[in-house]
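Peer 1: Just the structure for this:
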Amino acid sequence: MKKAWFATALAFILIALSSMVAAQGLSDVYQVNYFSNTPGRAGTAEIDQAVRIINPGEQGTPISSKQGTVCADIYVFDDNQEMSECCACPITANGLLILSLNYDLNGNPLTGFPAPTNGVIKIVSDNRANCDPTSPVPTPDLRAWATHLQLPGGVIVTTETEFQGALLQQDELSFLGTACSFVQFLGSGKGVCECSIESN
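Peer 2: Next up is the predicted model:
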């Protein structure tokens, strides 16, 4: 009798803990950063910024072909909080992907040109077998950095910041996939960002 009671109590505890984890969101799969490229400020429109994404190789081994690959599902939002572009970029284990803000991430906006000058970039680490920004399957654990243009005293200075990790809630995951589907459907070729060649 005591064993049955203990097993029941343990089952309730495990269910409660799993519910708490689900409510808190997925960790190590979701990163965010900003971009700011306002034209007409000391020539900043001509200077590009970069996003660098690495795959630390924790999902398998790089010894055999495509093993350890993780996809970076990328979502670009303008300063009106509207998604302007999205795409999925595979990155092999221990690989580095370098993306241009002006050409790769902001060169094909849904609403046409001019491209947004300020906004937010979100990255979801996606399972390589999926690699679909319209229906992401989160898996750890890409790392990313972005360069930014600063103008202290009117002099252009480039800084670099790491993307900040955030807990990925189910509502946000669903929203990103659904919004990307609409962007790609409505855009008829627009609204799809580009993946540069991976640097190895």
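Peer 1: what's around residue 144, how many residues?
Peer 2: 23 (other CB atoms under 10 Å). From N, CA and C alone the C-beta is placed, and that goes for glycine too.
Peer 1: How about residue 97?
Peer 2: Counted with other CB under 10 Å, residue 97 comes out at 24.
Peer 1: Check which element follows the host helix or strand of it along the chain.
Peer 2: Element membership for residue 97 (DSSP states H and E) is strand 96-100. Downstream of strand 96-100, the next assigned helix or strand under DSSP H and E is strand 118-127.
Peer 1: ok, then the element right after that following strand?
Peer 2: That would be, after strand 118-127 and using DSSP H and E, strand 143-150.
Peer 1: Tell me the pLDDT of the spatially most central residue of the chain.
Peer 2: Residue closest to the mean C-alpha point of the chain, counted by CA atoms, centre = their mean, is residue 123 at 0.6 Å. Listed pLDDT for residue 123 reads 98.
Peer 1: Now for residue 122: which residues touch it?
Peer 2: 30, 31, 32, 74, 75, 77, 176 (CB atoms under 8 Å, 6 or more residues apart in numbering).
Peer 1: among those, who's most crowded?
Peer 2: Going by other CB under 10 Å, residue 74 tops these with 27 neighbours.
Peer 1: check contacts around that one.
Peer 2: So residue 74 contacts 85, 86, 87, 88, 89, 99, 105, 121, 122, 123, 133, 193 (CB under 8 Å, 6+ apart).
Peer 1: Show me what it is bridged to.
Peer 2: residue 87, residue 123 (DSSP bridges).
Peer 1: Could you measure from it over to residue 154?
Peer 2: 32 Å (CB to CB, to the nearest Å).
Peer 1: tell me the angle of the strand holding residue 97 relative to strand 143-150?
Peer 2: 30 degrees (axes from the mean of the first three to the mean of the last three CA atoms, to 10 degrees).
Peer 1: So what's the gap between strand 96-100 and the chain middle?
Peer 2: 13 Å (CA atoms, centre = their mean, to the nearest Å).
Peer 1: list the buried ones in it?
Peer 2: Using 16 or more other CB atoms under 10 Å as the test for burial, strand 96-100 gives 97, 99.
Peer 1: got the angle between it and strand 118-127?
Peer 2: Going by the same axes, to 10 degrees, strand 96-100 makes 150 degrees with strand 118-127.
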